[in-house]
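A.B. asks: here is the input, now give the coordinates:
(chains A and B)
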Amino acid sequence: MPSSTSPSKTRIPRTAVCLLATAFGAWVLGALYTLYLDPEIAFLNYAARVKHQWAQKLDRQYAHKFAVFGGSSCGVAIDGEWMLEQYGLPTVNLGLAAGMGAGVLTRYAQQEVRLGDTLIVALEPHLLTDTTKPTAIGIQFCFATGRADLLKQAGSSSRLSDLLALRPGAFHIFTLIGKILAGRPLYRYHTSDIRPSGRWKALLVQWPLDGPPARGPRLTLDARALLASLRSWSDQNHVRIAYALPWGFVPQEKFARFRKDNLDFLLQISEFLPVLKDPTLGAISSRDLYADTNLHLTPEGARLRTDELARELREWDVWAPGELKQLANASEN
Amino acid sequence: MNFAELRFWQLLVSTLGLIVLARAFFNAVFPSKPCRLDKPALLGLGLFLLLSVSWVTFAIFLVVAVSSYVGLAWIIKRHRNRGPIYLVLLIALQLSPLVYYKYADFIANRVIGLQIPAFRDLAVPVGISFYTFQKVAFVIDTLALNRRLPRFLDYMNFAGFFPQIVAGPIERRQDLLPQMEQFRFHWLPAGIDDGARWIALGLFFKRCLADNIAQYVDVSAGNNPYLIWLANLLFGLRIYYDFAGYSLIAVGLGRCLGIRLTLNFLSPYCSTSIVEFWRRWHITLSQWFRDYLYIPLGGARTKYWAGTVAVVFIVSGLWHGAGWNFLIWGAMHASFLIVNRAAAKLSLPSLLGWALTMLATFFAWVSFYEPRTGVLMSKLQVLLSPTAYHAASLRAALNQFGPGHTATLAGLLVLTGAVLVLEWLSIRLKNEAYYYLRRPAATVSLVALTVLLASGQNNAFIYFAF
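C.D. replies: Alright, predicted model coming up:
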């Protein structure tokens, strides 16, 4: 073992330089893989392009559009074509992946909205009871789609840490190896699943689902800041805005508790945004309406969800101030 | 001072850059005078990095360090003849912040039952157990062995050397102080190369293994013995790679600066007995307890050696945390060690010895991570009940994670297994811990694996809490 004090033949610490070069090379390879080969990022990139094209088409053809955004619970649930054909509501589904984080999802959606549009926030509650800062997938998505400028607005700490997130990570690599060994598709969704208005089909498997979806009880500080800034932005840009709670599967025995939790959550949201008056309060106990997770609706569930959202939007049916509070008090009793 | 955070490295590199510039400026302005900036600069670097952790941590460190030195100087100057009495008083003074921050709640509220609310919210300052023990050892070594008082600047660099200040190794006066007295900032290519290999290995242990495994440590597993064993296994791997990772980075940083720190871990999961395990796990703490508690209490030469072992391990358990669970963990290891010593004449095959050592060690980890005494007892009962091991529990354990997480966990365990095999080969074939993991090809591979596999989740080092 070389001693730190032993005389060296060279002034350059070759091993250290070699290790740094290895780290840099590995990062470059990881970044190239992430940006160009990662099947999840490739899917999200393609989905974003489809959604953008649909949004542009609506912008050209209509004076006003509805944009609904959130994670994959939104991506699989809201059928823009159905909204347009059945109800005359020009709607784009901007739902992507909850794993991107609330900050990136929100800033991405804001980009697709124009003066006078209606923006429906359908972020999954757990995204707002946790940090809203960009996650690795969110950062990778932004770079892959050429929207790296969104990261700062989404709460990224530094450009260097963003760049360092451009690598696959253990979960991705080991899952990929597992899929290759098992002969399964590399990603659960395929680009051909994406409809022109942005919705895609959830994976139709009927394994047992537990519920309700896990989340914290309170909005985090950065979630509150995000909602406040979103409200302020919508006022300044004359964008009508409301929150629509995603429908989550919950077994019958936990149903009442879940509705109560959702009411508490909506009460907090209503401090910042109007909340659409969904009579289900986001709690669904029919397993048949759910696909692979307790937030992913089947096409049949998606149709019901779309119909309900269309009704709320046509009537602009939002909870009046105090109504949610009364309901919460009633459920306490 | 979290070596796993980008911020630490940014602060370190920028501060070292400033020091290099300051030296260059000094040499340019005073070409004929020797530069005396190195030691103050090293101290400034350490204090600045500590301040970047938190000002409370910084302030308490300064209080303990300065009061230890001043107290020691006062005793040496005025009361050399009555040293032992003043030594005890000074040690009590040194330990008082540690006792207050770490044990006040446990002693006052949970043992005595006083229910003092102010003690409940006390946050333990980062690294207090480590630097307090280092300074206690320094005071004892100086007074008991009649050593001279070093210069204040050298002492402060000994007490506040940044790589080891918050989580060890707990260095001894004779090992670190002479190096600090000779310290100069030199460009040491061989030292930097050597240090870089240790840092690469440490970062791999921490960022690739410990932080990824941490996501699967489910300590909520209640009555399923397979899940409790899984939690024990994963926690045991995590805490080893977390703490060893920190220690190896500390060693590496030291080497880059020309300072040799003690290796705190020597592949403990390759041990074939509990006695050997404790020679390989957190070595500097074990040595501290051996020299300052076990031997003064009589060591192995008295007929009460078993009681002495029990006392040492219970105190060691409490050093890790103020809670009944840590006391139980210490007592468990004491009993393992007593059985090990008592059965020393039995010559077990290495494989059986290793299996029994690992069984005992991983069994005991439940006491380390489960602070709720009632739940801990219930878990121990489940683990020890043969009837709890039924097929339904096994099925539930196998279905614990979804397919993606199962594949990830399996991949991580395979990777960990490969690392443990290389650790074992290093010891058995080369008698040098981590030898094969520090070979050039291995180091390059580990760096690439760290970059590609490191968890996005950056956890603080577990031992910061101690």
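
A.B. asks: rest of the way, CA atoms for contacts and neighbours
C.D. replies: OK.

A.B. asks: so what pLDDT did residue 85 get?
C.D. replies: Using chain A. We have a pLDDT of 94 for residue A:85.

A.B. asks: that's the wrong chain, I meant chain B
C.D. replies: Value for residue B:85, per-residue pLDDT: 84.

A.B. asks: in what helix or strand does it lie?
C.D. replies: Assigned by DSSP states H and E, residue B:85 falls within helix B:83-98.

A.B. asks: now do the helix or strand following that helix: distance to the chain's middle.
C.D. replies: Going down the chain from helix B:83-98, the next helix or strand is helix B:104, by DSSP H and E. Averaging C-alpha positions (Cα atoms, centre = their mean, to the nearest Å) puts helix B:104 23 Å from its chain's average.

A.B. asks: buried residues in the helix holding residue B:85?
C.D. replies: Under the neighbour-count criterion of 16 or more other Cα atoms under 10 Å in any protein chain shown, helix B:83-98 has B:83, B:86-87, B:90-91, B:93-95, B:97-98 buried.

A.B. asks: quick check: phi and psi on residue B:9?
C.D. replies: phi -70, psi -30 (degrees, to the nearest 10).

A.B. asks: how about residue B:302?
C.D. replies: Residue torsions, per degrees, to the nearest 10, at residue B:302 are phi -90, psi 160.

A.B. asks: any stretches of the chain with poor pLDDT?
C.D. replies: No chain in the question, so chain A it is. Within chain A, the ranges that satisfy pLDDT under 70 run A:1-10, A:206-207, A:213, A:332-333.

A.B. asks: try chain B instead
C.D. replies: Flagging of chain B using pLDDT under 70 yields the residue ranges B:80, B:82-83, B:458-461, B:463-466.

A.B. asks: helix, strand or coil: sort out the residue in chain B positioned nearest to chain A for me.
C.D. replies: Relative to chain A, the nearest point of chain B is residue B:191 (3.5 Å; Cα to the nearest Cα). Of the three states, residue B:191 takes helix under DSSP: H, G, I helix; E, B strand; the rest coil.

A.B. asks: just give me the neighbour total for residue B:300.
C.D. replies: Using other Cα atoms under 10 Å in any protein chain shown, the number of residues around residue B:300 comes to 13.

A.B. asks: next one: it from residue B:309, what distance?
C.D. replies: In this view, residue B:300 and residue B:309 are 9 Å apart by Cα to Cα, to the nearest Å.

A.B. asks: tell me which strands and helices the helix holding residue B:85 is in contact with?
C.D. replies: The helices and strands touching helix B:83-98, judged by 3 or more Cα pairs under 8 Å, 6 or more residues apart in numbering or on different chains; DSSP states H and E, are helix B:55-78, helix B:128-144.

A.B. asks: who touches the last one?
C.D. replies: Which is helix B:128-144. With contacts defined as Cα atoms under 8 Å, 6 or more residues apart in numbering or on different chains, helix B:128-144 is touched by B:61, B:64-65, B:68, B:72, B:76, B:83, B:87, B:91, B:94-95, B:98, B:147-149, B:159, B:165-173, B:288, B:292, B:319, B:466.

A.B. asks: where exactly do the helices run in the stretch 151-300 of chain A?
C.D. replies: Counting by DSSP state H, counting those that start in this stretch, residue ranges of the helices within the stretch 151-300 of chain A are A:159-164, A:170-182, A:221-236, A:255-269, A:299-315.

A.B. asks: report the next helix or strand after the helix ranked longest in chain B in sequence order.
C.D. replies: Identified as the longest helix of chain B according to DSSP state H is helix B:225-256. Sequence-wise, the next helix or strand downstream of helix B:225-256 (DSSP H and E) is helix B:274-280.

A.B. asks: any idea which helix or strand comes after that next one?
C.D. replies: Immediately after helix B:274-280, counting by DSSP H and E, sits helix B:283-289.

A.B. asks: give me the buried subset of the contacts of helix B:128-144.
C.D. replies: Among the contacts of helix B:128-144, the ones that count as buried by 16+ other Cα under 10 Å are B:61, B:64-65, B:68, B:72, B:76, B:83, B:87, B:91, B:94-95, B:98, B:159, B:165-173, B:288, B:319, B:466.

A.B. asks: the host helix or strand of residue B:176 to helix B:128-144, inter-axis angle?
C.D. replies: Assigned by DSSP H and E, residue B:176 falls within helix B:173-181. In terms of direction (axes from the mean of the first three to the mean of the last three Cα atoms, to 10 degrees), helix B:173-181 departs from helix B:128-144 by 100 degrees.

A.B. asks: and the helix holding residue B:85, how far from the chain's centre?
C.D. replies: In terms of Cα atoms, centre = their mean, the centre of helix B:83-98 is found 24 Å from the chain centre.

A.B. asks: quick one: the strands in the stretch 51-200 of chain A, in order.
C.D. replies: A:66-69, A:91-93, A:118-121 (DSSP state E, counting those that start in this stretch).

A.B. asks: could you identify which of the helices and strands packed on helix B:83-98 is most buried?
C.D. replies: Of those, the one with the most neighbours on average (mean count of other Cα atoms under 10 Å in any protein chain shown) is helix B:128-144, at a mean of 22.

A.B. asks: which SSE is immediately downstream of it?
C.D. replies: Taking DSSP H and E, what comes next after helix B:128-144 is helix B:152-159.

A.B. asks: just to revisit the earlier point, anything in the helix holding residue B:176 near chain A?
C.D. replies: No: Helix B:173-181 does not reach chain A (Cα under 8 Å from any Cα of the partner chain); its nearest approach is 11.4 Å.

A.B. asks: give the buried residues for that helix.
C.D. replies: B:173, B:176-177, B:179-181.

A.B. asks: over to stretch B:409-425?
C.D. replies: Within stretch B:409-425, the residues scored as buried using 16+ other Cα under 10 Å are B:409, B:411-413, B:416, B:419-420, B:422-425.

A.B. asks: for residue A:27, give me its contacts.
C.D. replies: So residue A:27 contacts A:164, A:166-167, B:451-452 (Cα under 8 Å, 6+ apart).

A.B. asks: and those residues, which is closest to residue A:39?
C.D. replies: Of all the contacts of residue A:27, residue A:167 has the smallest distance to residue A:39: 13.3 Å, by Cα to Cα.

A.B. asks: now that closest one: closest residue in space that isn't a chain neighbour?
C.D. replies: Spatial nearest neighbour of residue A:167, chain neighbours left out: residue A:30 (4.4 Å); criterion: Cα to Cα, 6 or more residues apart in numbering or on different chains.

A.B. asks: so which strand or helix has the one you found?
C.D. replies: Using DSSP H and E, residue A:30 maps to helix A:14-32.

A.B. asks: if you count neighbours, what's buried in that helix?
C.D. replies: A:15-16, A:19-20, A:22-23, A:26-31.

A.B. asks: in TSV: the residues you listed, plus distance to residue B:400.
C.D. replies: Listed next are these as TSV, based on distance: Cα to Cα, whole Å:
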residue	distance to residue B:400
A:15	43
A:16	42
A:19	38
A:20	39
A:22	37
A:23	35
A:26	33
A:27	33
A:28	35
A:29	33
A:30	30
A:31	32
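
A.B. asks: check the residues you listed and tell me the two furthest apart.
C.D. replies: Farthest pair in these (Cα to Cα) is A:15 and A:31. Separation: 23.9 Å.

A.B. asks: ok, back up a step: what about the longest helix of chain B, near chain A?
C.D. replies: Yes: counting by Cα under 8 Å from any Cα, chain A has neighbours in helix B:225-256: B:255-256.

A.B. asks: give the other helices and strands that that helix contacts.
C.D. replies: For helix B:225-256, the packing partners by 3+ Cα pairs under 8 Å, 6+ apart come out as helix B:189-203, helix B:211-214, helix B:350-369, helix B:373-384, helix B:391-398.

A.B. asks: just the ones you listed: most buried one?
C.D. replies: Among those, ranked by average contacts under mean count of other Cα under 10 Å, first place goes to helix B:189-203 (a mean of 27).
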